[in-house]
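Visitor: Pasting a predicted model and its sequence here:
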Amino acid sequence: MPSKERNAGEERVDRCVTGVEGLDNILNGGIPRGNTVVITGAVGTGKTSLCLEFLVHGALLAENSLYISVTESTSKLLKNIIPYDFFDEKLVKEGHLTFIDIPVMYDRLGLDKPEFDYEEIHILIDAIVHLTTELKIKRLVVDSITSVSYRLKSEEIIREFVLKLGSILSGMGCTTLLVSEIAPSQERSSTYGVEEAIADGIIVMGNLERRGDLLRTLQVVKMRGTMHSRAKYVLDLTTTASSSYPS
């Protein structure tokens, strides 16, 4: 495609600005709105911090944002995010930023089984979609999709969950980040290898040792709907805002 036509196409894409300096530049302005993106990496690589910054930035733009926590309580998350300068507690009070603990959802929905089948998964999907509709959510994070998948019986059910949830939310104009946990030595981008195959985007977080220091890194492996660099960048997470630069 000629460069002028390609650039014009990039400009027409409706983008969800992440608020992470550098990542938005890599993506030519942000994540294409409605995409389902897997944020993957080992423990301590900054996945949750990046997702929280994505949601807070959206809330500051009056885009209602929802964080579904699977492993960590809302009270603990709020304690961790309060020191960040870009966070304002009024965002929660005004309803622009909402936190939901998924164990509470499980309890309310009667999902007390150690393993979910297709029926339970559709109940969970319907509940998330209902919340998204009711709260007029435009940005959503599930942290983590790996923990949800522990309850699913097979790769087929994982595929059904991610594909159907992502498809419905995309149709509603909601941009979704799914946090995936992997071991440092793991070659694929998700525990089961299913999530990465059907997601619109994959952002890999990692660690890089340099001169005795452990630096966080970020790499956009895939992102449908936009041109982007596939280079690995160093991610600078601070209490003011995050930025990235080539490693």
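Guide: Looks like it came in fine.

Visitor: going forward, measure contacts and count neighbours with C-alpha atoms only.
Guide: Noted.

Visitor: where along the protein do the helices fall?
Guide: 3-12, 23-26, 47-60, 74-81, 90-93, 102-109, 118-134, 145-149, 155-171, 195-198 (DSSP state H).

Visitor: Just tell me which of these ends up closest to residue 212.
Guide: helix 47-60 (22.3 Å; CA to CA).

Visitor: Convert the C-alpha atoms of that closest one to CSV, please.
Guide: Provided in CSV are the C-alpha atoms of helix 47-60 (Å, rounded to 0.1, in the frame of the first residue of the first chain):
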residue,chain,number,x,y,z
LYS,A,47,1.4,-5.7,33.9
THR,A,48,-1.1,-4.5,36.6
SER,A,49,0.5,-1.1,36.8
LEU,A,50,0.2,-0.6,33.0
CYS,A,51,-3.4,-1.7,33.1
LEU,A,52,-4.3,0.6,36.0
GLU,A,53,-2.7,3.5,34.2
PHE,A,54,-4.7,2.6,31.1
LEU,A,55,-7.9,2.7,33.1
VAL,A,56,-7.2,5.8,35.1
HIS,A,57,-6.2,7.7,31.9
GLY,A,58,-9.5,6.7,30.4
ALA,A,59,-11.4,7.8,33.5
LEU,A,60,-9.7,11.2,33.3
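
Visitor: oh, and call the first residue 533 from now on, that's how I've got it
Guide: Okay, residue one is now 533; in that scheme the one you just asked about reads as helix 579-592.

Visitor: ok now that helix, how far from the chain's centre?
Guide: 9 Å (CA atoms, centre = their mean, to the nearest Å).

Visitor: Contacts for it, please.
Guide: 549-552, 571-573, 596-599, 613, 618-619, 623, 628-629, 671-673, 675, 709, 711, 737, 769, 773-774 (CA atoms under 8 Å, 6 or more residues apart in numbering).

Visitor: Leaving out chain neighbours, which residue sits closest to residue 669?
Guide: Spatially, and ignoring its direct neighbours in sequence, residue 669 is nearest to residue 596 (4.7 Å; CA to CA, 6 or more residues apart in numbering).

Visitor: quick one, what contacts the one you found?
Guide: Counting by CA under 8 Å, 6+ apart, residue 596 has contacts 590, 627, 628, 629, 630, 667, 668, 669, 670, 671.

Visitor: Check what pLDDT it gets.
Guide: For residue 596, the pLDDT comes out at 98.

Visitor: From residue 573, how far out is the most centrally placed residue in the chain?
Guide: When CA atoms, centre = their mean is applied to the chain, the residue found nearest the centroid is residue 709 (2.0 Å). Taking CA to CA, to the nearest Å as the criterion, residue 709 is separated from residue 573 by 13 Å.

Visitor: is it true that residue 644 touches residue 635?
Guide: No - counting by CA atoms under 8 Å, residue 644 stays clear of residue 635, with 9.3 Å between them.

Visitor: Counting neighbours, go ahead and name the busier of those two.
Guide: Higher neighbour count among residue 644 and residue 635: residue 635, with 17 against 12, using other CA atoms under 10 Å.

Visitor: returning to that earlier point: buried subset of the contacts of helix 579-592?
Guide: 549-552, 571-573, 596-599, 613, 619, 623, 628-629, 671-673, 675, 709, 711, 737, 769, 774 (16 or more other CA atoms under 10 Å).

Visitor: Filter those down to just the ones in strands.
Guide: Among the buried ones among the contacts of helix 579-592, the members found in strands (DSSP state E) are 571-573, 597-599, 629, 671-673, 675, 709, 711, 737.

Visitor: Show me which of these is closest to residue 690.
Guide: The closest of those, once distances to residue 690 are taken by CA to CA, is residue 711, at 14.1 Å.
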